[in-house]
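1. model this:
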Amino acid sequence: MTELSQPTAGTARVLVVDDDAVMRASIRLCLETAGYRVLEAADGKEGLELAQKEKPALVILDVIMPVMGGIEVASELRAHGSVTPILMLTTRQEVPQRVSGLMAGADDYLGKPFDGRELLARVHALLRRQAKQTQRQCVLRFDQVTVDLEHKTAQRGGGPLPLTQTEFALLEMLASHMDSPVSRDLILDAVWGYTYFPNTRTVDTHIWRLRKKIGDNGENPRWIKKVHGEGYLLTGCRD
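-> Okay, the predicted model is just below:
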């Protein structure tokens, strides 16, 4: 498969859900060559659980799978508020099936067999579209505090509020999953670049400092909330 110029890959994670191990391996090679990190699931139920836990940047779903089909997975993700782009794969080309997938919440459709260049082009396009939507929601407001994530500036009461690069990165990560909890491990991976860190209390410490700067009450937070067993959630501050 051929690599394309790829401005949006970086450390973006893509979840591939397909019961065909050969197909998963082929897609993984294609995506990893383009710079993506890949998660895999062999059936719909496993894929749904992984998507909800890991919150990848994009999900590639086969339509026909054991346990739970791709259309059902897409429906469940959308029912729980996920806005993650979904690209559906199928060996069937009938219009009714494509319509069912799109109605269930899929963003695009690709029929098997496919060329790796087309797969990458569709992945890139979906992520670019998602990035543009996110940029339109890049200003966060916490009463007297305004944070512009795009330009990396923050103000409190009309004056500058000094936030560190790590604090901006934390807000970006939480804002990208607005109103949904994000695990400590996922935060560590995205902000510090580790899938494992010796002390996950690092996240708690930085969240505590960030709350203090934006005026959030640590005992009864309004904006950055801790969800027991799931991580942290950002809510109520979208511009």
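2. Over to the closest residue in space to Lys226 that isn't next to it in sequence: give its phi and psi.
-> Leaving aside its chain neighbours, Lys226 sits nearest to Tyr232 (5.8 Å; criterion: CB to CB, 6 or more residues apart in numbering). In short, each C-beta sits where N, CA and C put it, glycine included. Dihedral pair for Tyr232: phi -120, psi 150, per degrees, to the nearest 10.
3. Make residue 1 into 735 and carry on from there
-> Happy to do that; since the first residue is 735 now, the last one works out to Tyr966.
4. Flag the shaky bits of the protein, pLDDT-wise.
-> Counting by pLDDT under 70, the chain contains low-confidence ranges at 735-745, 826-832, 866-871, 927-934, 972-973.
5. The same query, at a cut-off of 80, please.
-> Scanning the chain with the threshold set as pLDDT under 80 gives 735-745, 815, 825-837, 864-872, 884, 910, 920, 923-924, 926-934, 971-973.
6. What are the buried residues along stretch 900-915?
-> 901-912, 914-915 (16 or more other CB atoms under 10 Å).
7. I meant to write stretch 942-957 there.
-> Buried, per 16+ other CB under 10 Å, within stretch 942-957: 944-945, 947-948, 950, 955, 957.
8. what's the answer for stretch 879-887, then?
-> 879-881, 883.
9. which one is the residue nearest to the spatial centre of the chain nearest to, not counting chain neighbours?
-> Of all residues in the chain, the one closest to the mean position by CA atoms, centre = their mean is Ala791, 3.5 Å from it. Nearest non-adjacent residue to Ala791, counting by CB to CB, 6+ apart: Ala746, 4.1 Å away.
10. how far away is that neighbour from Tyr770?
-> 6 Å (CB to CB, to the nearest Å).
11. Neighbour count: these two, which is higher?
-> It is Tyr770, of Ala746 and Tyr770, that has more neighbours when counted by other CB atoms under 10 Å, with 24 against 19.
12. care to break the protein down by domain?
-> Domain assignment for the chain, taken from automatic domain parsing, gives 747-868, 873-968.
13. residues in contact with the residue nearest to Ala791?
-> Residues in contact with Ala746 (CB atoms under 8 Å, 6 or more residues apart in numbering) are 770-771, 791-792, 861.
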